[in-house]
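K.L.:
any chance you could fold what I've pasted below:
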Amino acid sequence: AKSRPFDKIEETQGRKLMRKLMLAAALALPMLGGTAHAEDTVKIGYIDPLSGGGASIGEVGLKTFQFLADEINAQGGILGKKVEIVPYDNKVNAQESLIQAQKAIDSGVRFLTQGNGSSVAGALTDFVAKHNERNPGKEVLYFNYAAVDPVLTNEKCNFWHFRWDANSDIKMAALTNYMKDQKDIKKVYLINQDYSFGEAVRTAARKMLKEKRPDIEIVGDEKHPLLKITDFAPYIAKIKASGADTVITGNWGQDIALLLKAAADAGLKAKWYTYYAGGTGGPTAIKQTGLNHLVYQVAEGIPNLGYEPANKFEKALRAKYDFSLFYPRAVNEMRMFKAAAEKAKSLDPVKVAKALEGMEFEVYDGGKGFMRKDDHQFFQPIYIASFGERTDKEPFDEEHTGWGWKLEAKIDADKTVLPTTCKMDRP
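P.N.:
Here you go, the predicted structure:
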């Protein structure tokens, strides 16, 4: 009888312990559920500008990738797992991009994609290579859909980086091959953003024009801060004063839209050979210039090519977001990622990378493309198009201007190939 109080104490303590265990188990269930959910999801970290001067183009890219994720998920996902695009705002800043990349990796992301800004791309490719060296078994892949500095698949190439856009030298080779036959081009003005990509554009333009049209005079070669100029009137005044009949620019984002707007305001009458005139705001500005089919763009795809699978995709994208497909290369990237994972039967980044190497693929706008194993540069048909009044053969307009892109020239993938200096180490 004397032992009963102690029995009650032990019983009470036992009940308390049981309640604690039950509470811990209950708290653990959501965490376990979250882990299971994470394992059923393929997360792709989208690292691009979602604020500041590059926000308009970054938002278009994000929605495009989300649309592509929806397309893949409607087909059953990748190896039965749902694809999720996780956005990270880098403000087109290299240091901020590394912070965001680390956040993505810490949250379990093993596939990163980025495109706007080769300075960012250079920092990211180094970061990913170092991370993978230090963390065997936890490797990360970097899918580059738009950063086109040639150095990324030459001196700075590495196994963990894949580029789906044609690099700036490939694009300039296509542009200058077209321009060399345009006999009315006499005086050219170069204007580009002051960073590695802009430098690559101006350097290649000078070199290739000298080789193909030594009679052309370079009457101006201007560089300006990246995504910081709000009024390009002073630059346009210089172009007008130079007597240039043609302008070459690699500008993108607000830097091409505002440049063309200033040209319209000043009544500058010149031909424009561009990389990204079709970006947000660009088509509206071109219409304002009145330069009917005198503004050209080199790209891996455009609307109005008449390829039915692309037409169907274009219509669906415009119906959902009210903008056109500016990134056919993003379509190729996502579809090839799915194909590589299924070929490897794995979502392990090392196995996916090896499956991507040398892969041939039917590209978004039709025709064959291939991922060169030597440097992870993707090669695909390249198109040169002009923007202006449409015919019955051009059903798609841009930004409700009534004007659209018209095909001027096509270069097949095998004709776009340039050599590489890449010396790649493989795991």
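K.L.:
what segments of the stretch 51-200 of the chain are strands?
P.N.:
Secondary structure of the stretch 51-200 of the chain (DSSP state E, counting those that start in this stretch): strands at 82-89, 111-114, 141-144, 161-163, 187-193.
K.L.:
dump these to a markdown table, plus distance to residue 172 and mean pLDDT.
P.N.:
(C-beta placed from N, C-alpha, C; glycine too.) Output for those, formatted as a markdown table (distance: least, Cβ to Cβ, whole Å; pLDDT from 0 to 100):
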| stretch | distance to residue 172 | mean pLDDT |
| --- | --- | --- |
| strand 82-89 | 31 | 98 |
| strand 111-114 | 22 | 98 |
| strand 141-144 | 18 | 98 |
| strand 161-163 | 16 | 98 |
| strand 187-193 | 11 | 98 |
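K.L.:
in stretch 176-187, which residues are buried?
P.N.:
176, 178-179, 185 (16 or more other Cβ atoms under 10 Å).
K.L.:
list just the nearest of the residues you listed to residue 320.
P.N.:
The closest of the buried residues of stretch 176-187 to residue 320 turns out to be residue 178 (Cβ to Cβ; 33.8 Å).
K.L.:
contacts only, for that closest one.
P.N.:
296, 384, 408-409 (Cβ atoms under 8 Å, 6 or more residues apart in numbering).
K.L.:
how near is it to residue 157?
P.N.:
The gap separating residue 178 from residue 157 is 28 Å, by Cβ to Cβ, to the nearest Å.
K.L.:
can you get me the start-to-end distance on stretch 418-427?
P.N.:
26 Å (Cα to Cα, to the nearest Å).
K.L.:
only the buried residues of that stretch, if you could.
P.N.:
So stretch 418-427, judged by 16+ other Cβ under 10 Å, has buried residues 420, 422.
K.L.:
use 458 as the first number for this chain going forward.
P.N.:
Noted, 458 is the first residue going forward, which turns the last one into stretch 875-884.
K.L.:
list of residues touching it?
P.N.:
589, 596, 610-612, 614-616, 624, 626-627, 630, 807, 829, 831-834.
K.L.:
filter the residues you listed down to the buried ones.
P.N.:
Among these, those classed as buried by 16+ other Cβ under 10 Å are 589, 596, 610-611, 614-616, 624, 626-627, 630, 807, 829, 832-834.
K.L.:
which one of those residues is nearest to residue 535?
P.N.:
Comparing those against residue 535 with Cβ to Cβ places residue 807 closest, at 16.2 Å.
K.L.:
elements contacting the helix or strand containing the closest one?
P.N.:
Assigned by DSSP states H and E, residue 807 falls within helix 806-813. In terms of contacts (3 or more Cβ pairs under 8 Å, 6 or more residues apart in numbering; DSSP states H and E), helix 806-813 is packed against strand 598-601, helix 785-801.
K.L.:
and the longest one, what's buried?
P.N.:
Buried residues in helix 785-801, counting neighbours by 16+ other Cβ under 10 Å, are found at 785-798, 801.
K.L.:
can you check stretch 522-536 too?
P.N.:
By neighbour count on 16+ other Cβ under 10 Å, the buried set for stretch 522-536 is 522-526, 528-529, 534-535.
K.L.:
swap in stretch 806-817?
P.N.:
Under 16+ other Cβ under 10 Å, the buried positions of stretch 806-817 are 806-814, 816.
K.L.:
could I get the residues you listed as JSON lines with pLDDT and distance to residue 737?
P.N.:
Output for those, formatted as JSON lines (pLDDT from 0 to 100; distance: Cβ to Cβ, whole Å):
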{"residue": "806", "pLDDT": "98", "distance to residue 737": "32"}
{"residue": "807", "pLDDT": "98", "distance to residue 737": "37"}
{"residue": "808", "pLDDT": "98", "distance to residue 737": "37"}
{"residue": "809", "pLDDT": "98", "distance to residue 737": "31"}
{"residue": "810", "pLDDT": "98", "distance to residue 737": "32"}
{"residue": "811", "pLDDT": "98", "distance to residue 737": "36"}
{"residue": "812", "pLDDT": "98", "distance to residue 737": "34"}
{"residue": "813", "pLDDT": "98", "distance to residue 737": "30"}
{"residue": "814", "pLDDT": "98", "distance to residue 737": "34"}
{"residue": "816", "pLDDT": "98", "distance to residue 737": "31"}
